[in-house]
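[1] Just a sequence and a predicted model for now, questions to come.
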Amino acid sequence: MSTELENAVVVITGASSGIGQATAEAFARRGSRLVLAARNGEALDKVVRNCERLGGEAISVVTDVTDPVAVKRLAEKANALGQIDVWISNVGLGAVGRFEETPIEAHEQVIRANLIGHMNDAHAVLPIFLKQGRGVFINMISLGGFAAAPFATAYSASKFALRGFSEALRAELADKPHIHICDIYPSFVDTPGLKHGANYIGREVTAPPPVLDARRVAEAIVRVAKSPRATTTVGFVTTAARLAHLLAPNLAARMLSRFMTMYFKGAPRVAESDGNLYRPSADAAHIDGGLRSPHRTSLPFLLAVAALAAIAVGATIDARHPRRRRKSTSRSLHWLS
């Protein structure tokens, strides 16, 4: 199935900044009719004006996706335009900190937004898709759907769960060939999200290079909306992490934990904050987070990614040779202990 994007009705949640805003502008350039949702109405109005300047039609609907009633209202307003062709479930929150030092309420809110919010989206639009006999639902999941994220345990739990939710939903709808459940898995993206997120570790949080331009992710979403496919990864880091997790999940997570521990020890101190967990960010309506730089490299991180891939391949070889496995595993873990 190919979806014509000109005049298509496209709903985007989490549209007030970052990937959501970039995606709204990408669809506006194709002449789509956009229904943009987020908690920050002022920021949404700015994004609406940007989209209109780019040639699209757009309306804003202030919506908290953790409220199923509000999401149902969003779906009804979008459907009043005649149909809903594409729904992009893009809301994502994060809380960085050691698990036991992060308030349990913060963990709950991350799960509520990143998992239950996406389920609310699907539950609101699927009856419409089923009545229409067609539609594309796109879940923004991220690298975190394949690789555990130490110091962001609730985020990690939500993304693993979201991947499982999508897979189960695809199976239920297997006999509906024109209704598509699609997942997007970008690696680290340059958005304001890290700055907006909750911080309970008291250290500056950033993303290691290579960092993707959010507009590249938006173009991937547009391609999936036009020609649906179940799984789309964006960035080679996601591919490497996916392979490493498939073949050596515990070792991969432990390596990432060691890398992050070393980073936090040297990172500048910042005030702890709930960030945008319970209220919208004040400085939304920005796509970029200032994380990309042509002069900024991270050799240790790139080496770690290469090591993950090498260890994963080694794990496959060692599985066929038990005597070699004990020796190689011991050597691999020695520097992590």
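    Thanks, I have the structure now. Numbers count the residues shown, from 1 in each chain.
[2] shaky segments in this structure?
    Scanning the chain with the threshold set as pLDDT under 70 gives 1-2, 293-337.
[3] hey, where'd the strands end up in it?
    Listed in chain order, the strands found in the chain under DSSP state E are 9-13, 33-38, 57-62, 86-89, 95-96, 135-140, 179-186, 189-190, 198-199, 212-213, 231-234.
[4] the helices in the protein, which residues?
    In the chain, the helices defined using DSSP state H lie at 18-29, 41-53, 68-79, 104-111, 117-132, 153-172, 193-196, 214-226, 236-247, 249-266, 299-319, 322-334.
[5] Mean neighbour count added to those, as CSV?
    In short, each C-beta sits where N, CA and C put it, glycine included. CSV is the format used below for the helices of the chain (neighbours: other C-beta atoms under 10 Å):
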stretch, mean neighbour count
helix 18-29, 26
helix 41-53, 18
helix 68-79, 18
helix 104-111, 17
helix 117-132, 20
helix 153-172, 19
helix 193-196, 21
helix 214-226, 21
helix 236-247, 20
helix 249-266, 16
helix 299-319, 16
helix 322-334, 12
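[6] will you turn those into TSV that also has distance to A207?
    Below are these laid out as TSV (distance: least, C-beta to C-beta, whole Å):
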stretch	distance to A207
helix 18-29	12
helix 41-53	22
helix 68-79	29
helix 104-111	18
helix 117-132	22
helix 153-172	13
helix 193-196	6
helix 214-226	12
helix 236-247	10
helix 249-266	11
helix 299-319	10
helix 322-334	26
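[7] ok so, going back, ok, which of the strands of the chain comes nearest R112?
    strand 95-96 (11.8 Å; C-beta to C-beta).
[8] Now do the closest one: which elements does it pack against?
    Here strand 95-96 touches helix 104-111, strand 198-199, going by 3 or more C-beta pairs under 8 Å, 6 or more residues apart in numbering; DSSP states H and E.
[9] would you turn the ones you listed into CSV with distance to A43?
    Formatted as CSV, the helices and strands packed on strand 95-96 follow (distance: least, C-beta to C-beta, whole Å):
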stretch, distance to A43
helix 104-111, 20
strand 198-199, 19
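[10] Compare the helices of the chain and report which one is nearest to S273.
    helix 193-196 (9.8 Å).
[11] Next, format the strands of the chain as CSV and append distance to A154 and mean neighbour count.
    Output for the strands of the chain, formatted as CSV (distance: least, C-beta to C-beta, whole Å; neighbours: other C-beta atoms under 10 Å):
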stretch, distance to A154, mean neighbour count
strand 9-13, 19, 27
strand 33-38, 21, 27
strand 57-62, 25, 20
strand 86-89, 18, 28
strand 95-96, 6, 24
strand 135-140, 17, 25
strand 179-186, 19, 23
strand 189-190, 19, 26
strand 198-199, 10, 24
strand 212-213, 23, 18
strand 231-234, 23, 19
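[12] And those: which comes nearest M262?
    M262 lies closest, by C-beta to C-beta, to one member of the strands of the chain: strand 95-96, at 15.3 Å.
[13] nearest to G92, of the helices of the chain?
    Judging the helices of the chain by C-beta to C-beta, what sits closest to G92 is helix 193-196, at 6.8 Å.
[14] sorry, back to before: could you dump the strands of the chain to TSV with distance to E76?
    Conversion of those to TSV gives the following (distance: least, C-beta to C-beta, whole Å):
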stretch	distance to E76
strand 9-13	11
strand 33-38	11
strand 57-62	10
strand 86-89	13
strand 95-96	32
strand 135-140	15
strand 179-186	19
strand 189-190	31
strand 198-199	32
strand 212-213	34
strand 231-234	29
